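*Asks:* coords please:
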Amino acid sequence: MRGLAVILAPILVVVAGPALAQEFTTLKGHGGPIMGLAVAPDGQVATASFDNSVGLWTGTEPTWLEGHDAAVIALNFSQAPVVYSGGDDFRVLRWLPEGGAVEVTRHQGKVSDIAVSDDGTRIATASWDGSINLIDGGAEQKLTGHQSNVTTVGFAPDGALYSASSDGTMRVWEGDDLSPRTILKHGFGINEMVIETDWIAYGAVDGGTRVIDRESGQQIRDFTLDRRPILAMAYHAASGQLAVGDGHGYIMMIDTNAWRITRDFRATRRGPVWALAFSPDGETIYAGGLDDVAYAWPVAYLDAFDPAIDGERSFLRDAETMSNGERQFMRKCSICHALDPGPSRKAGPTLHGLFGRAAGTVPGYPYSPILDGSDIVWDEVSVDALFDEGPDHYIPGSKMPMQVIRGADDRADLITFLKHATKQEADQ
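*Replies:* Next comes the predicted model:
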């Protein structure tokens with residue numbers, strides 16, 4: 001995979017407004033929403049998805065990196081061709097150019113961010129367990145002090161380590177013992193940081209989008225708009241462009257040389273912008289959200305485009321158009337499971353032919369060891385128990401995320417829907 005150049009096949013679309021057509025790029029193939037994006041110095045794109053995989057793109061053709069047991073949400077591609085990924089399975093993996101992956105570190109909660117120092121010698125990982133794992137050569141150190149999830153972590157150009165948390169604070173880890181110093185108390189959870197030589201930009205749950213002096217923490221600029229939360233940030237140092245993605249589906253572009261907003265582009269028709277990354281030349285911005293597709297637009301023409309990420313996931317359909325059983329499926333199951341037969345890139349196995357099937361027996365699906373040889377057979381009783389107790393209690397150690405349906409009537413309606421929707425053709 002070393003040195004692979006990206007040649008992105010464009011999709012031509014006609015945009016609203018002036019009679020012109022512009023090009024944007026789509027990277028299709030994932031089986032779940034795009035949770036993370038990273039671009040290597042040579043332009044190769046990596047995507048992280050709710051489908052438990054990393055996509056490594058050559059043009060619009062993906063190589064799938066499979067190894068996580070849950071959604072992948074954090075990526076770092078700065079040391080290409082090596083890719084680092086972290087996920088909801090609490091693990092950070094290093095993907096090697098010759099193939100395969102090795103575990104770099106493991107947390108006690110979801111991995112939310114991965115930072116690599118400019119010289120590639122140190123790796124810092126942030127987790128919902130409230131800690132940062134710092135790997136320096138062969139040594140690993142756990143840094144604690146935040147009072148809630150550590151949401152983002154990063155190295156400054158001079159190597160200083162910074163972190164921010166759902167506890168609303170930003171800290172720098174100093175001295176030989178890396179003790180924390182709080183440089184900012186925002187009051188709401190901080191989700192994103194961009195760290196430069198003299199300043200730090202951050203985005204928060206309340207929509208706060210601010211720039212502070214890196215040393216003192218004093219505010220330099222405030223770009224807060226009435227949109228929340230801030231979910232993604234990307235920075236292109238050479239051009240001074242800062243991109244900010246939010247829960248309303250907008251990408252705000254800030255010129256950090258003039259400290260002004262240059263564009264405010266609605267990227268999604270519905271749903272958030274979860275991931276952002278610039279191309280190496282800064283001329284293209286990549287974005288991911290609820291769709292199973294990563295998109296890229298030329299920055300210079302952002303204002304000419306209509307939203308491309310439609311966000312029309314089935315679980316967001318008007319509830320009045322579905323039966324209660326279908327609503328339960330759409331909300332609890334559809335993002336991970338298909339109803340159709342055949343292969344799927346979704347995170348879980350297909351439910352086609354579910355009733356009467358032994359657990360852990362869909363060909364080709366990489367089940368967790370707990371389901372290998374399980375004596376569970378899926379029927380009305382076992383499906384009801386699964387959602388009554390929750391997967392973590394009914395099948396401890398399975399990859400299935402926690403999902404509980406409290407109401408007995410709701411569980412019964414789900415079972416009625418599934419019995420019809422998952423029938424083998426010969427049985428219908």
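
*Asks:* how about the helices of the chain, start to end?
*Replies:* Ranges of helices within the chain are 324-332, 380-389, 391-394, 408-421, based on DSSP state H.

*Asks:* Please identify the most buried of those.
*Replies:* For the helices of the chain, average neighbour numbers computed from mean count of other C-beta atoms under 10 Å are highest in helix 324-332, which has a mean of 20. Every C-beta, even on glycine, is put in place using the N, C-alpha and C of the backbone.

*Asks:* which residues are in contact with it?
*Replies:* Counting by C-beta atoms under 8 Å, 6 or more residues apart in numbering, the neighbours of helix 324-332 from elsewhere in the structure are 314-315, 317, 319, 322, 387, 403, 405, 409-411, 413-418, 421.

*Asks:* and that helix with helix 380-389, angle?
*Replies:* Between the direction of helix 324-332 and that of helix 380-389, the angle (axes from the mean of the first three to the mean of the last three C-alpha atoms, to 10 degrees) works out to 50 degrees.

*Asks:* what's the offset of helix 324-332 from the middle of its chain?
*Replies:* When distances are taken as C-alpha atoms, centre = their mean, to the nearest Å, helix 324-332 is centred 23 Å away from the chain's centroid.

*Asks:* Then stretch 163-178?
*Replies:* 23 Å.

*Asks:* Quick check: buried residues in it?
*Replies:* Judged by neighbour count using 16 or more other C-beta atoms under 10 Å, the buried positions of stretch 163-178 are 163-173.

*Asks:* now do the same end-to-end measure for it.
*Replies:* 12 Å (C-alpha to C-alpha, to the nearest Å).

*Asks:* Quick check: which ranges of this structure have low pLDDT?
*Replies:* Within the chain, the stretches with pLDDT under 70 are 1-23, 314-318, 425-428.

*Asks:* Please parse it into its domains.
*Replies:* If you go by automatic domain parsing, the domain ranges for the chain are 10-304, 314-427.

*Asks:* Tell me which of those domains sits most buried.
*Replies:* For the domains of the chain, ranked by mean neighbour count under the definition mean count of other C-beta under 10 Å, the leader is domain 10-304 at a mean of 19.

*Asks:* Next, Ser166: phi, psi?
*Replies:* Dihedral angles of Ser166 (phi, psi; degrees, to the nearest 10) stand at phi -60, psi -10.

*Asks:* need the contact list for it.
*Replies:* For Ser166, the residues meeting the contact criterion (C-beta under 8 Å, 6+ apart) are 148-149, 151, 189-190, 205.

*Asks:* quick check, nearest of these to Gly217?
*Replies:* The shortest approach to Gly217 among the contacts of Ser166 belongs to Ile190, at 12.2 Å (C-beta to C-beta).

*Asks:* Quick check: closest non-adjacent residue to that closest one.
*Replies:* Taking C-beta to C-beta, 6 or more residues apart in numbering, and ignoring the residues beside it in sequence, Ile190 has Ala164 as its nearest neighbour in space, at 3.8 Å.

*Asks:* Help me confirm that the one you found comes into contact with Val172.
*Replies:* No: applying C-beta atoms under 8 Å, one finds Ala164 not in contact with Val172, separated by 10.5 Å.

*Asks:* which residues sit in contact with the nearest residue to Thr144 once chain neighbours are set aside?
*Replies:* In space, Thr144 comes closest to Ser131 once its chain neighbours are excluded; the distance is 5.1 Å by C-beta to C-beta, 6+ apart. For Ser131, the contact set (C-beta under 8 Å, 6+ apart) comprises 107-108, 142-144, 146, 150.
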